[in-house]
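Chemist: the following comprises the amino acid sequence and a computationally predicted model.
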Amino acid sequence: MGRNWEKLNVRAAAGSVTGSIVKICAGHASNASQIDNWVAGNFKSLTYGAESTASISGDAAAHTGSQNDVHQIGTQAVDIPAGTCLDGPFIAVGTDADPMVIYYNGHLTSIDD
């Protein structure tokens, strides 16, 4: 089976990441990682395109904007046990300070708390 991601990012900071997130893996051999909140769905863009009637082309949009296909939004924390991964698709997740490996496609935006 081939991989379904293009890039990876190692993150060890509290904050959030937004993009086309395929899976998130615990980054430490003996400690769990945790996402604090999450938005599941298919990521398209964080800017409105020229075809958008809601905004001028190129304007910034929220991750829940109409250009993305949001399936569910969760405010509960999810533990990722050491040595395991959590499969997406995610549009955005809140991260804690534990190391994690984020597999994604396209562009990933990270914001530290």
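Modeler: Arrived safely, thanks for sending. Numbers count the residues shown, from 1 in each chain.
Chemist: is the most centrally placed residue in the chain in a helix, a strand, or coil?
Modeler: Centroid-nearest residue in the chain: Ala92, 3.6 Å away (criterion: CA atoms, centre = their mean). Assigned state for Ala92: strand (three-state reduction, DSSP: H, G, I helix; E, B strand; the rest coil).
Chemist: correct me, but it touches Val17?
Modeler: Yes. The pair Ala92 / Val17 is scored as a contact, 6.8 Å apart, by CB atoms under 8 Å. For glycine as for every other residue, the C-beta is placed from the backbone atoms N, C-alpha and C.
Chemist: straight-line length of stretch 18-35, end to end?
Modeler: Chord length of stretch 18-35, first to last residue, is 13 Å (CA to CA, to the nearest Å).
Chemist: can you give me the mean pLDDT across it?
Modeler: Here stretch 18-35 scores 92 as its mean pLDDT.
Chemist: quick one: buried residues of that stretch?
Modeler: Neighbour-count burial for stretch 18-35, counted by 16 or more other CB atoms under 10 Å, picks out 18-27, 32-35.
Chemist: what's the farthest-apart pair in these?
Modeler: Farthest-apart pair in the buried residues of stretch 18-35 is Ser20 and Ala32; separation 24.3 Å (CB to CB).
Chemist: who's in contact with the one helix or strand in the chain whose mean pLDDT sits lowest?
Modeler: The helix or strand of the chain with the lowest confidence, counting by mean pLDDT, DSSP states H and E, is strand 69-74 at a mean of 89. Residues outside strand 69-74 that contact it (CB atoms under 8 Å, 6 or more residues apart in numbering) are 37-42, 44, 64, 91.
Chemist: change it to 6 Å
Modeler: Strand 69-74 is touched from outside by 38-42, 64, with contacts defined as CB atoms under 6 Å, 6 or more residues apart in numbering.
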